[in-house]
Structures are given as structure tokens and as C-alpha cells.
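Engineer: any chance you could fold what I've pasted below:
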Amino acid sequence: MIARRLGRAGRSVNYRSGWLGSVLGVVLVVGCGPAATGTSAPGSASGGAASSSATAAGSGPAAAPAAAAAPAAVTPQKVSLRLNWIPSATDAPIQLAAHRGWFTERGLDVELSDGNGSVVAVQTVGAGKFDVGHANLSNMAMGREEGLPLRSVAGYFRKSDLGVIIPEGSAIQTPKDLEGKSVVYTASSLESPFLDAFFRNAGTSRDKVNMIAVDASAKNPTYFSGRADAIISTVPATTAQAKNVRPSTAILFADYGLPLPGYGLFATEDTIKSRPEMVRAVVEVITRAYLYASEHPDEAIDAVIAERPQADLSQVRDVQILNVQYATDYFYSERTRGKALGWQSEEDWADAVRAMTEAGLMKPGRQASEFFTNDYVASR
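Structural biologist: The predicted model follows:
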């Protein structure tokens, strides 16, 4: 099978079974095609046709044995998948799946498109420009609240990875200790809507903290250089990058009444209803890749480097591997331990909905069941 990737310039880059091109891309493609489950349906060319031939062959006393009918070639399902970010540890499991040909094995012709944040991923998938999205599910929930017909089909970071990152050995141990300290954050990022609730739940107020709003590109350098006492961001990525410049630990939002869902897969209600076998296959492959990457983080990052050489991650390979390792700490919440990776807890979602409602991001009365389904995750 020949698959495709479209880059930012709109050029198509072909690659053979499991090997992706190296152009950074944003693609607006709607996938379509017949379901490919790997099993012949009753009456299909590989099942029903062969059965009918055998019946005809055996209808007369001198009938000669009929040659077995060759199974019809299965047309791979085209799937457009919008990623959260440019090539990095965040989407390493998905790049690994493409690199190993696991999508192809499952009858999928997947076109991956680089992203520029969860908000944009949510907006473009919600608008029907992509079949599936991989991004932060808190943003997906807020997108649904704003009218986008989205639902999560698998949750991978089921413990929130959002937090305040502080230097190791710091006297800062709780959010209240941040009073009078300088904390760098990005006003347009995920953390911003939850700051008031976070500090309030900790018995203080953001007005007592020197909050420094900077562009996303300046956030890490500001903290790493020591120009801020703390930084609010995603914990695995930031602590991995800080390890060699300013070793850090974190105060988690989840420990202060904000149990928000992290990265996962989502699609529109229409896609879920009209292409259930495609959704099931995508969830199956990416879940397999997440589990493999958690045990072989070096192979996952090497797959990203091989797939996307122009991203030049070879220079920060060790940091990216560390990021994948740190991420596994956020795979399971207390309620999802013992469940298959990807399975989502209704109680966890209820807590998240409550937190977002209290933060003024949702209208009262929303139900947890509106935001997710476990129908496409392996039961265990």
C-alpha cells in the first residue's frame, strides 16, 4: 500500500507501507472508504461468493470440484488524523505505529497531519476537516460545550499532567507558597482558564502571585534561565526538558480539585456513527503503540526521528525519550487502574465536568456521558 502525507506547503509525500515522509504538515482532508475489519462479513467476496461457488459445483452427480475463489482485495480505509503538535514525544506512539506499518496491517491508509496545539486540533476535527484528532481532551470538552459535535473514543492520559513546575529542593511545596513569587504561564494555553480555581482550591488567590504572561515559545526559556520561580505547563514535557538545565518537580492541578483529562482520541458524532469499524481500528492500533512506546521509549523516539528527519529531534533524543518515560505516570487515574489503556471512567469525567463548570467553562447540568464512549476500547 502507498500512503500519503501532506505538508504545510500542500505537497503530497508518498511513502511505502509504514514509512512516512519528512515534511511538517497541516492537512485538511476528509477520509472515506469501506470498513476493513480483517474478517469477511457474511455474503462478502471472500466468504459468501466462495460459499456460493461450492454449492453450484456440488449440485450435479458428475460435477467437477470448483477452484477456490480468490479473495477480493480489501481497499484500505482512508483516515485523516490531526495531531496535537509538530513531531515530538507527545505524538511518538502514533509515529511509531506508522513507522512499524501497524495501521497498514489493520487495513488503514492513515494520513497524519502535524498540529499547532490542542485548540486548533479540536476546531478542525469538529469542523469535519479531519476524521480523528489526538489532543488534550479538556480542550475537546470545551469545544463540545461551544457547539462542536465531538466525543472522546479513547483516553490515554487519564490523570491530568497539568501543574506548576518548581525547582527541585525549592521551599515552594504548595500553591500557597507561591504567594509573592514569580510564575510564568501562557494566557492562551490550557492552564489559563483554571488558574483562579487552582489557587482558590489551595486557599490563596492568583492576585497574591506575580503571574507573568508570556508567549508559548518564551515560557520554558524564561523558567529555565531562572527569570521565574515557577512555570505552569504540562509536567512530563517540561520536567524532561528542564532536567539538565534546572532539575524540577511539580505541584499537580489534579491534587487541588482539578482532575482534568489529558491526551486522547476524539471524533465527531457523525464519524463515530457512520464509520465505527474505522474508529475501532484506529483506537486499537494507537493503544497498541502507546503500550509499546511505554516499554520501549527509545524505539518510539527513533521512529519519530526516522519518520520526520527535518524535525531534527536527534539533537534532543535523550530529552524526548525521558518525556515518553515521564508520560507513563499519567496513564492511569485511581479509577482506571486495572482497566485497559484507553478506557475512561465516568466518575473521572464527572469530576472534570464539575471542575470546568466551577471554572465558568461549562453551563451547569452537563452530564459526563456526553463527552466520551468506551465502545471502541478493549474491555478488561
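
Engineer: sec struct for Y290, please.
Structural biologist: Three-state assignment for Y290 (DSSP: H, G, I helix; E, B strand; the rest coil): helix.

Engineer: count the neighbours of it for me.
Structural biologist: Using other C-beta atoms under 10 Å, the number of residues around Y290 comes to 25. The way it works is simple: take the backbone N, C-alpha and C, and place the C-beta from them, glycine included.

Engineer: how close does it get to V324?
Structural biologist: To V324, Y290 is 10 Å away according to C-beta to C-beta, to the nearest Å.

Engineer: cool, and R200?
Structural biologist: 34 Å.

Engineer: when those two are compared, which one has more neighbours?
Structural biologist: Taking other C-beta under 10 Å, R200 and V324 do not tie; V324 has more neighbours (26 against 16).

Engineer: with adjacent residues omitted, what lies nearest to the more buried one?
Structural biologist: In space, V324 comes closest to P297 once its chain neighbours are excluded; the distance is 3.7 Å by C-beta to C-beta, 6 or more residues apart in numbering.

Engineer: so where is this structure shaky, pLDDT-wise?
Structural biologist: 1-73, 380 (pLDDT under 70).

Engineer: tell me the centre residue of it?
Structural biologist: H134 (3.3 Å; C-alpha atoms, centre = their mean).

Engineer: give me the helices and strands touching the helix or strand in which that one is found, please.
Structural biologist: Here H134 sits within strand 132-136, counting by DSSP states H and E. Packing partners of strand 132-136 (3 or more C-beta pairs under 8 Å, 6 or more residues apart in numbering; DSSP states H and E): strand 77-82, helix 118-126, strand 263-268, helix 276-295.

Engineer: quick one: buried residues of the longest one?
Structural biologist: So that's helix 276-295. 277-294 (16 or more other C-beta atoms under 10 Å).

Engineer: for the stretch 101-250 of the chain, what spans make up the helices?
Structural biologist: Ranges of helices in the stretch 101-250 of the chain, per DSSP state H, counting those that start in this stretch, are 102-105, 118-126, 137-145, 195-201, 216-224, 235-242.

Engineer: would you list the ones you listed in TSV and tack on distance to A368?
Structural biologist: Shown next, in TSV, are the helices of the stretch 101-250 of the chain (distance: least, C-beta to C-beta, whole Å):
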stretch	distance to A368
helix 102-105	31
helix 118-126	18
helix 137-145	10
helix 195-201	18
helix 216-224	30
helix 235-242	24
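
Engineer: distance check, A281 against R288.
Structural biologist: Distance from A281 to R288, by C-beta to C-beta: 11 Å.

Engineer: what's D351 in contact with, if anything?
Structural biologist: P259 (C-beta atoms under 8 Å, 6 or more residues apart in numbering).

Engineer: and it, what element?
Structural biologist: Counting by DSSP H and E, D351 is part of helix 346-358.

Engineer: give the contact list for the nearest residue to L291 once chain neighbours are set aside.
Structural biologist: Spatial nearest neighbour of L291, chain neighbours left out: L341 (5.9 Å); criterion: C-beta to C-beta, 6+ apart. By C-beta under 8 Å, 6+ apart, L341 lies in contact with 156, 287, 290-291, 331.

Engineer: among these, which pair sits farthest apart?
Structural biologist: T287 and F331 (10.8 Å; C-beta to C-beta).

Engineer: residues shared between the contacts of these two?
Structural biologist: What both T287 and F331 touch, as defined by C-beta under 8 Å, 6+ apart, is the set 156, 341.

Engineer: what segments of this protein are strands?
Structural biologist: Assignment of strands within the chain using DSSP state E yields the ranges 2-6, 12-16, 77-82, 108-113, 132-136, 150-155, 162-167, 182-185, 210-213, 230-234, 248-252, 263-268.
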